[in-house]
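Student: quick one, fold the following:
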Amino acid sequence: MRILSCNIRKSDADDGPNAWSHRKRLCAAVLKGRDPDIICFQEMRYEQYQDIKAAFPEHRFYGMTKTATCSHPIN
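Tutor: Numbering: from 1, shown residues only. Coordinates of the predicted model:
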């Protein structure tokens with residue numbers, strides 16, 4: 001079993017060329033290249049969750065959040 005831990009860096013950071021919109025495809029490609037059975041994320045926002053979930057349709061997703069809005073996950 002392969003377990004991967006990934007600090008995805010929150011999407012609302014002012015990262016210029018490293019913003020989530022520029023790195024989401026690379027992130028998904030790197031994760032897929034590791035062929036994980038389980039992936040644990042830190043700093044994931046809802047937008048990122050949606051993007052990663054779309055990139056991994058064969059996986060199930062579970063998570064914990066700080067608020068009922070699901071916009072601020074627990075790291």
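
Student: where do the strands sit along this protein?
Tutor: 3-7, 38-42 (DSSP state E).

Student: tell me the angle the last one makes with strand 3-7.
Tutor: What that stands for is strand 38-42. 20 degrees (axes from the mean of the first three to the mean of the last three C-alpha atoms, to 10 degrees).

Student: now strand 38-42: buried residues?
Tutor: By neighbour count with 16 or more other C-beta atoms under 10 Å, strand 38-42 contains the buried residues 39, 41. Placement of C-beta: from N, CA and C, glycine included.

Student: what's it packed up against?
Tutor: In this structure, strand 38-42 packs against strand 3-7, with contacts taken as 3 or more C-beta pairs under 8 Å, 6 or more residues apart in numbering; DSSP states H and E.

Student: touching the strand it packs on from outside, list them.
Tutor: 27, 31, 34, 36-43 (C-beta atoms under 8 Å, 6 or more residues apart in numbering).

Student: now do 10 Å
Tutor: 27, 30-31, 34-44, 52, 75 (C-beta atoms under 10 Å, 6 or more residues apart in numbering).

Student: of all the residues you listed, which two lie farthest apart?
Tutor: Within these, Asp35 and Asn75 form the most distant pair, 24.4 Å apart (C-beta to C-beta).

Student: please say which of those two ends up with more neighbours.
Tutor: The neighbour count for Asp35 versus Asn75, taken as other C-beta atoms under 10 Å, is higher for Asn75 (11 against 8).

Student: now stretch 12-31: mean pLDDT?
Tutor: Taken as a whole, stretch 12-31 has an average pLDDT of 90.

Student: ok, now stretch 62-75?
Tutor: If you average the pLDDT values across stretch 62-75, you get 64.
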